[in-house]
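Colleague: heads up, no residue letters with this:
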């Protein structure tokens, strides 16, 4: 159940609702509209192992895979073999990426933010936008979309609506961006749904139906009269307040075309067919075949022949009858099919009739509208022995017959084709510091807490060819040099960097005590290499 706790802070509602998108370092964000030259760094690994967003653009004969990470934005144009890292460009006010959208391989938008510490925990805070109009060659920065204190009245059709002005970036992070020709759409939680027609220099607030209405259009009469005003002499203006209306808390936006828009909120799914002027709301409560849950954190469209299937990820908002899972509609929202009930889902990607769903329980694949599923939650790379240790998948993308997933522990991809069944082999890409020789090693994260994460012992095989086999033995000792674990004692092939994972257990599968431990790496007959590990529960 979604619990609302509010603070009144300079005219903005702060809805303390925590969603785990990762903790990002805070930077003082820029306040002006400026253009910068791009600082580009290219690497064979992604800039961070925390990958929460992906976007694919195949326009103009170019294929670009964009990823949002805990250390900024990156792009691959060669199916993940190398990455261009834009994280050091000053147009990105924060390294934390909360949304990505690309159009025509020319216009790219990324929303940034961070978690700001408060007395009661942390509050997600928007720090603006970086956008490019030349495919990423250069970037411009915009401050977070906010109101002025006096921006409380909005003319809508025949009415004037009072809206609570959002004048601070706290709980005003932009979670989604959609681009149509000449228009940018953003969904920014307490700041709601907004659009710009001038590259974000000005933002227009878009009214959605309040919680007590299932639709809104410019010809509606929204004002009322007091019960004792029998002559109807004094109109009472409607007060639109996100503290009191879950449907004003916007989380996702999808543009099927310039006129057909979908917006997911904490109050359901909203659809417009006239460019955002009129809206119809679909919720768990107002339909006979409704969505599973009203908190819609992602909404995407799957194009299949003459059908546009709308998919939503559904979380529990304010009704105990709601549940987690995903829903889709083939009739423009009139009815919904519900799948994966009880599972928290984050994102979708599509390949013709195939849908891939990123969830807490791994990546799900269905080619028949949910009648059957294939699911993978273990992602091991037999080539470089890299492993993603958590089943959580936050995002996915399809490039040709290659399916990418983003996790909190790296990027992975697999082939999905008749010759290579989905998930039959995974390739894992993780960010690490390459070693110059086999005489060096390090372990990370260090210190480590076995109850919350494993530690990786990083080493390099001698440079004797990609097919050369080497005998590798890794042992772990306590500070008195008593062996507590033989981690591996086998052969490894290649000349690349490797990680071996230790979960903090000894050879008898007992958790070791806190303290300092040493590890020893023996490769063939060369001198042993040593490193230190600190276990801290």
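Modeller: That came through fine. The structure displayed is predicted, hence computed values, not measured ones.

Colleague: quick one, strands of the stretch 151-300 of the chain?
Modeller: Here the stretch 151-300 of the chain has its strands, by DSSP state E, counting those that start in this stretch, at 153-156, 159-163, 176-180, 183-187, 193-196, 204-205, 215-216, 239-240, 250-255, 261-265, 268-272, 279-282, 295-304.

Colleague: list the contacts for the spatially closest residue to residue 498 that is not a sequence neighbour?
Modeller: Spatial nearest neighbour of residue 498, chain neighbours left out: residue 385 (5.2 Å); criterion: CB to CB, 6 or more residues apart in numbering. For glycine as for every other residue, the C-beta is placed from the backbone atoms N, C-alpha and C. With contact set as CB atoms under 8 Å, 6 or more residues apart in numbering, residue 385 has these partners: 492, 498, 499, 500.

Colleague: go with 10 Å
Modeller: Residues in contact with residue 385, defined by CB atoms under 10 Å, 6 or more residues apart in numbering, are 428, 488, 492, 493, 494, 496, 497, 498, 499, 500, 501.

Colleague: may I see the PyMOL selection of the buried members of these?
Modeller: To isolate the buried members of the contacts of residue 385 in PyMOL, using 16 or more other CB atoms under 10 Å:
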select buried, resi 428+488+492+494+496+497+498+499+500
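
Colleague: check contacts around the residue of the chain most remote from its centre.
Modeller: Distance from the C-alpha centroid of the chain peaks at residue 231, with 53.3 Å (CA atoms, centre = their mean). Contacts here follow CB under 10 Å, 6+ apart; on that basis residue 231 touches residue 225.

Colleague: from residue 224, how far out is it?
Modeller: Counting by CB to CB, to the nearest Å, the gap from residue 231 to residue 224 is 14 Å.

Colleague: and what of residue 345?
Modeller: Distance from residue 345 to residue 224, by CB to CB: 39 Å.

Colleague: with neighbour numbers in mind, choose between these two.
Modeller: residue 345 (26 against 12; other CB atoms under 10 Å).

Colleague: dump the strands of the stretch 151-300 of the chain to a markdown table, plus mean pLDDT.
Modeller: Below are the strands of the stretch 151-300 of the chain laid out as a markdown table (pLDDT from 0 to 100):
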| stretch | mean pLDDT |
| --- | --- |
| strand 153-156 | 88 |
| strand 159-163 | 86 |
| strand 176-180 | 98 |
| strand 183-187 | 98 |
| strand 193-196 | 98 |
| strand 204-205 | 95 |
| strand 215-216 | 96 |
| strand 239-240 | 86 |
| strand 250-255 | 98 |
| strand 261-265 | 98 |
| strand 268-272 | 98 |
| strand 279-282 | 98 |
| strand 295-304 | 97 |
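
Colleague: pipe those strands into TSV and attach distance to residue 349 and mean neighbour count per row.
Modeller: Supplementary listing: those in TSV, determined by distance: least, CB to CB, whole Å; neighbours: other CB atoms under 10 Å:
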stretch	distance to residue 349	mean neighbour count
strand 153-156	36	14
strand 159-163	35	17
strand 176-180	15	22
strand 183-187	19	24
strand 193-196	23	22
strand 204-205	30	17
strand 215-216	31	18
strand 239-240	34	17
strand 250-255	13	24
strand 261-265	17	28
strand 268-272	19	26
strand 279-282	23	23
strand 295-304	8	20
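
Colleague: I'd like these as a markdown table, with distance to residue 445 appended.
Modeller: A markdown table is the format used below for those (distance: least, CB to CB, whole Å):
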| stretch | distance to residue 445 |
| --- | --- |
| strand 153-156 | 48 |
| strand 159-163 | 45 |
| strand 176-180 | 31 |
| strand 183-187 | 34 |
| strand 193-196 | 39 |
| strand 204-205 | 43 |
| strand 215-216 | 49 |
| strand 239-240 | 45 |
| strand 250-255 | 31 |
| strand 261-265 | 35 |
| strand 268-272 | 40 |
| strand 279-282 | 44 |
| strand 295-304 | 28 |
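
Colleague: the ones you listed: which one's closest to residue 88?
Modeller: Among the strands of the stretch 151-300 of the chain, strand 176-180 comes nearest to residue 88, with 21.9 Å by CB to CB.

Colleague: packing partners for that closest one?
Modeller: If you count contacts as 3 or more CB pairs under 10 Å, 6 or more residues apart in numbering; DSSP states H and E, strand 176-180 packs onto strand 96-103, strand 107-118, strand 121-132, strand 183-187, strand 193-196, strand 250-255, strand 261-265, strand 295-304.

Colleague: with respect to residue 74, which of the contacts of residue 385 is nearest?
Modeller: Nearest member of the contacts of residue 385 to residue 74, counting by CB to CB, is residue 428, at 16.2 Å.

Colleague: am I right that the closest one is in contact with residue 386?
Modeller: Yes - contact criterion CB atoms under 10 Å: residue 428 and residue 386 qualify, at 4.0 Å.

Colleague: list residues touching both of those two?
Modeller: 379, 380, 409, 410, 412, 499.

Colleague: skipping adjacent residues, who's closest to the fourth one in space?
Modeller: In this case it means residue 410. Using CB to CB, 6+ apart, the closest residue to residue 410 is residue 430 (3.9 Å).

Colleague: burial of that neighbour, as a residue count?
Modeller: Using other CB under 10 Å as the criterion, residue 430 is surrounded by 21 other residues.

Colleague: swap in the one 3 residues further on?
Modeller: Under the neighbour criterion other CB under 10 Å, residue 433 is assigned a count of 9.

Colleague: same question, residue 532
Modeller: Residue 532: 12 neighbours (other CB under 10 Å).

Colleague: over to residue 437?
Modeller: Applying other CB under 10 Å, I find that residue 437 has 9 neighbouring residues.
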